[in-house]
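Enquirer: My questions concern the predicted model and sequence given below.
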Amino acid sequence: MSIGTEITAEHTGLRQHAQKQGWWSGEGEFSFSEIFSLIHQPVRMEAAKAQYCAGRQLLHKHSGQITAETIMGILSNKSSGICVDSEGFSTTGSMVSILPQDPHLPCIHYFTATPDPSRSVFKPFIFAPNIPSFPQVKSPSFGDEDPIRENPRFQSWVDRCHDLYRQH
């Protein structure tokens, strides 16, 4: 919430929304950080405030030693309230990115793509040309023995799970 009164661009309905919600009277200076702070938000936003504080504490705990695995652990942490699956809220997935300083190295993005990061596996994705697939996330191939090639089709079953899915 570092945006205060110096706003270079905003949604056309931003100020009207703040007024409609009762967070701003329409009088005086419009300070985004004050108006949209968690203090003025509905009670359900208290959970977001708690998550923010818990995340900040976990980041400070690992200060100087933060890795992708550290962030994955924080995003999967239920006891802190960061990973949620109760009281009408649910963490829908998580993402961690490694953005190297060296422009010759590709960025690696890890996605859970499942509703509960605490029970998920972060799958790696690299969006760049000529990147070989990770064998851990490639479903096995059955060639001519594949039930899809049988006639009639699918009269037998094969396990198409890749290693990362099995870990999940």
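Expert: Okay, I see it. On a predicted model such as this, the values are computed, not experimentally measured, just so you know.

Enquirer: tell me the contacts of the residue most central in space within the chain?
Expert: In the chain, the C-alpha nearest the mean C-alpha coordinate belongs to residue 94, at 2.6 Å (C-alpha atoms, centre = their mean). Applying C-beta atoms under 8 Å, 6 or more residues apart in numbering to residue 94 gives the contacts 72, 75-76, 83, 111-112, 117, 120, 122. The way it works is simple: take the backbone N, C-alpha and C, and place the C-beta from them, glycine included.

Enquirer: Read off the pLDDT value for it.
Expert: Note on residue 94: pLDDT of 89.

Enquirer: and if you look at the one 10 residues further on?
Expert: In the prediction, the pLDDT value recorded for residue 104 is 89.

Enquirer: what's the answer for the one 10 residues further on, then?
Expert: pLDDT recorded at residue 114 is 74.

Enquirer: Count the neighbours of it for me.
Expert: Other residues near residue 114 number 15, with proximity taken as other C-beta atoms under 10 Å.

Enquirer: Return the distance of it relative to residue 82.
Expert: Residue 114 sits at a distance of 16 Å from residue 82 (criterion: C-beta to C-beta, to the nearest Å).

Enquirer: for residue 6, same thing?
Expert: Here the distance between residue 6 and residue 82 works out to 31 Å (C-beta to C-beta).

Enquirer: In the protein, where is pLDDT below threshold?
Expert: The model of the chain has pLDDT under 70 over residues 1, 38-47, 86-89, 168.

Enquirer: if we go to 90?
Expert: For the chain, the stretches with pLDDT under 90 are 1-9, 17-18, 20-24, 32-56, 63, 75-94, 103-106, 112-168.

Enquirer: how does it divide into domains?
Expert: Under the assignment named as automatic domain parsing, the residue ranges that make up the domains of the chain are 63-131, 132-168.

Enquirer: can you redo these as JSON lines with distance to residue 37?
Expert: Below are the domains of the chain laid out as JSON lines (distance: least, C-beta to C-beta, whole Å):
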{"stretch": "domain 63-131", "distance to residue 37": "19"}
{"stretch": "domain 132-168", "distance to residue 37": "38"}
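
Enquirer: Could you single out the most deeply buried of those?
Expert: Per-stretch averages of neighbours, counted by mean count of other C-beta atoms under 10 Å, single out domain 63-131 among those, with a mean of 14.

Enquirer: hmm, what's the outermost residue in the chain?
Expert: Ranked by distance from the centre of the chain (C-alpha atoms, centre = their mean), the top residue is residue 151, with 42.6 Å.
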